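Visitor: no sequence on this one, just coordinates:
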């Protein structure tokens, strides 16, 4: 993706297909593959900037492992600090469980699958199939014989689609406790909170 945060809608929508999935795990997993892009630019200039992290072997190993570590130890304090979401709720949602691990893996996998149609090279099956042998279908469709033109148009199309979905997610959740819904996948009803944000629900421990 041209802008990594635009992978957010895919993770959020996926979390709504099965309530057992961990939204934090899905979200962190969905951005992990792009960590390799600046690293490739810095340490391996001149070769593909999508490689191990955008391959299936990378998704099921290093991407999942990194996503689990970041979800468990970095996601709660950062989201709590920046968006004011209760740290205890975040810590509970980010506990390492089989469901959280699977969610991290699915987030990374969906990132790679979403990228495939819109990139002129895909290391999906690397190291067995060279990245330049898997050309995105949308790139070919819009390319009119030019890979660069196809890549630019494909990126624009996917950016618009994901951007619109992101706005719709915000609109749908605007009357809820927005940041909890966006970053936890569920929210405390506003009726259960006073103006200071303290939870007064009857089942609070």
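Guide: On my side now, so go ahead. Here the structure is a predicted model, which means the values were calculated and not measured.
Visitor: Please identify which helix or strand holds residue 182.
Guide: For residue 182, the enclosing helix or strand under DSSP states H and E is helix 178-184.
Visitor: what packs against that helix?
Guide: Helices and strands touching helix 178-184, by 3 or more Cβ pairs under 8 Å, 6 or more residues apart in numbering; DSSP states H and E, are helix 23-31, helix 75-83, helix 87-93, helix 147-172. No exception for glycine: its C-beta is placed from N, CA and C like everyone else's.
Visitor: Quick one: name whatever helix or strand follows the first one.
Guide: Sequence-wise, the next helix or strand downstream of helix 23-31 (DSSP H and E) is helix 36-43.
Visitor: Same question for the helix holding residue 182: list its buried residues.
Guide: By neighbour count with 16 or more other Cβ atoms under 10 Å, helix 178-184 contains the buried residues 179-184.
Visitor: which one of the helices and strands packed on helix 178-184 lies closest to residue 45?
Guide: Among those, helix 147-172 comes nearest to residue 45, with 19.2 Å by Cβ to Cβ.
Visitor: other SSEs contacting the closest one?
Guide: For helix 147-172, the contact count by 3+ Cβ pairs under 8 Å, 6+ apart identifies helix 8-17, helix 137-143, helix 178-184 as packing neighbours.
Visitor: Pick the most deeply packed of these.
Guide: Most buried of these, by mean neighbour count (mean count of other Cβ atoms under 10 Å): helix 178-184, with a mean of 20.
Visitor: rewinding a little: out of the helices and strands packed on helix 178-184, which one sits most buried?
Guide: Highest mean neighbour count of those: helix 23-31, a mean of 28 (counted as mean count of other Cβ under 10 Å).
Visitor: on contacts alone, who are the packing partners of that helix?
Guide: Counting contacts by 3+ Cβ pairs under 8 Å, 6+ apart, helix 23-31 packs against helix 8-17, helix 64-73, helix 75-83, helix 87-93, helix 98-115, helix 178-184.
Visitor: Check the offset of the least confident helix or strand in the chain by mean pLDDT from the chain's centre.
Guide: Every helix and strand in the chain was compared by mean pLDDT, DSSP states H and E; the lowest is helix 36-43, with a mean of 90. A distance of 19 Å separates the centroid of the chain from that of helix 36-43, by Cα atoms, centre = their mean, to the nearest Å.
Visitor: same check, this time on stretch 73-87
Guide: Between the centre of stretch 73-87 and the centre of its host chain there is 17 Å, according to Cα atoms, centre = their mean.
Visitor: first vs last residue of it, how far apart are they?
Guide: Start and end residues of stretch 73-87 are separated by 12 Å (Cα to Cα, to the nearest Å).
Visitor: outside of that stretch, which residues touch it?
Guide: Outside stretch 73-87, the residues within contact range by Cβ atoms under 8 Å, 6 or more residues apart in numbering are 24, 27-28, 90-91, 94, 179-180, 182-184, 197, 199.
Visitor: of all the residues you listed, which comes closest to residue 150?
Guide: Closest to residue 150 out of the contacts of stretch 73-87 is residue 27 (28.9 Å), distances taken as Cβ to Cβ.
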